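K.L.:
take this sequence and fold it.
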Amino acid sequence: MNVSPIINFFINQGVPFTTVILILMLPIIATFIAFLRQVVGIKAFGIYAPLIVTFAFLATNGLKYGIAIFVTVIFTGMLMRFVLKPFRLLYLPRVAIMLTIVAFLILGILVIGGEFKRTGLAAVSIFPILIMITIVEKFIAVQIEKGDKAAIFLAIETLIISILGFFIASSKILIHFLALYPWVVILTIPINILLGKWTGLRVSEYFRFRKIMKHL
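P.N.:
Numbers count the residues shown, from 1 in each chain. Predicted structure coming up:
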C-alpha cells in the first residue's frame, strides 16, 4: 500500500501502521459522535464512552463478539443493581461488587466460547473487555440519576453509535485515504468549531416537537 511521507516516517520510527491509522481515526470518530449528539440529537453515554467502545470493538475478533460482551456487561449491571439493592451498600463498594460479578461472567463466556470452538471469542484480548466493563459504572450512575428506562435507552444509543463508528473505522477506503492524506484529520478541528456553535434544533427535536411546530 502506498503511504504518505508522514505515515512512512512513523513506520520508520517503529510505530506499527495499524497504530498510526487508529490514532488518526480517533478524531474522525470523535467528530462523528459529536455530530450525532449536536445535530442529530443522539445522547448516548457522552462522547467518551461510545468512542472507547468503538475502539474496543475494533480490538475484538469480530463485531459480533464485541456486541455480545457489551450486551452481557450492560445486562449484568442492570440485574446486579436489583440484587444488591436490599443490602443498602454505598456506591463505590456496590460498583466494585458489580465489576467483580461482570468479570466472572465474562470469564465464563470466554470459557464457553472455547468449549464450542469459538476461538475468536475465546481469544479476545483483555483490553477491550476491560474497556467495556468500565461502561458498567456509567450505566449504574445513569440508572441511579435518571432511572432504568433512561439508562437502557442511552446504552442502546451508545451501542448503535459504537457499531456505526466501528464500520467507519474499519472502512478500507477510509484507511487507504488516511494512509495517503493523513493531514485531513486537521479538518476535524474547524468542523468541531462549527458544531460547537450549532444553535439550531436537533433532528430528534423536530420529531419530538412536531405537533407544536404544526401550529406555528
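
K.L.:
span of stretch 80-100 from start to end?
P.N.:
From its first residue to its last, stretch 80-100 covers 11 Å (CA to CA, to the nearest Å).

K.L.:
mean confidence score for it?
P.N.:
Stretch 80-100 carries an average pLDDT of 86.

K.L.:
and the closest residue to Phe87 other than its chain neighbours, how far from Ser162?
P.N.:
Nearest in space to Phe87, with sequence neighbours left out and distances taken as CB to CB, 6 or more residues apart in numbering, is Arg94 at 7.9 Å. C-beta coordinates here come from the backbone N, C-alpha and C atoms, glycine included. Arg94 is 26 Å from Ser162, where distance means CB to CB, to the nearest Å.

K.L.:
again, but for Trp183
P.N.:
In terms of CB to CB, Trp183 sits 27 Å off from Ser162.

K.L.:
okay, these two: which has more neighbours?
P.N.:
The neighbour count for Trp183 versus Ser162, taken as other CB atoms under 10 Å, is higher for Ser162 (29 against 10).

K.L.:
can you name the residues that contact the more buried one?
P.N.:
Ser162 sits next to Pro50, Val53, Thr54, Ala56, Phe57, Phe70 when contact means CB atoms under 8 Å, 6 or more residues apart in numbering.

K.L.:
tell me how far Phe170 lies from Ile21.
P.N.:
In this structure residue 170 is Ser, not Phe. From Ser170 to Ile21 the distance is 10 Å (CB to CB).

K.L.:
who has more neighbours, these two?
P.N.:
Using other CB under 10 Å as the criterion, Ser170 and Ile21 rank with Ile21 on top: 18 against 14.

K.L.:
quick one: buried residues of the helix or strand Ser162 falls within?
P.N.:
Ser162 belongs to helix 148-169 when elements are defined using DSSP states H and E. Under the neighbour-count criterion of 16 or more other CB atoms under 10 Å, helix 148-169 has 151-152, 154-155, 157-159, 161-166, 169 buried.

K.L.:
okay, now the unreliable bits of this protein?
P.N.:
Low-confidence segments of the chain (pLDDT under 70): 1, 61, 114-125, 201-216.

K.L.:
which helices and strands does the top helix by length along it pack with?
P.N.:
If each helix of the chain is counted by residues according to DSSP state H, the longest one is helix 91-115. With contacts defined as 3 or more CB pairs under 8 Å, 6 or more residues apart in numbering; DSSP states H and E, helix 91-115 has these neighbours: helix 63-84, helix 119-122, helix 126-133, helix 135-146.
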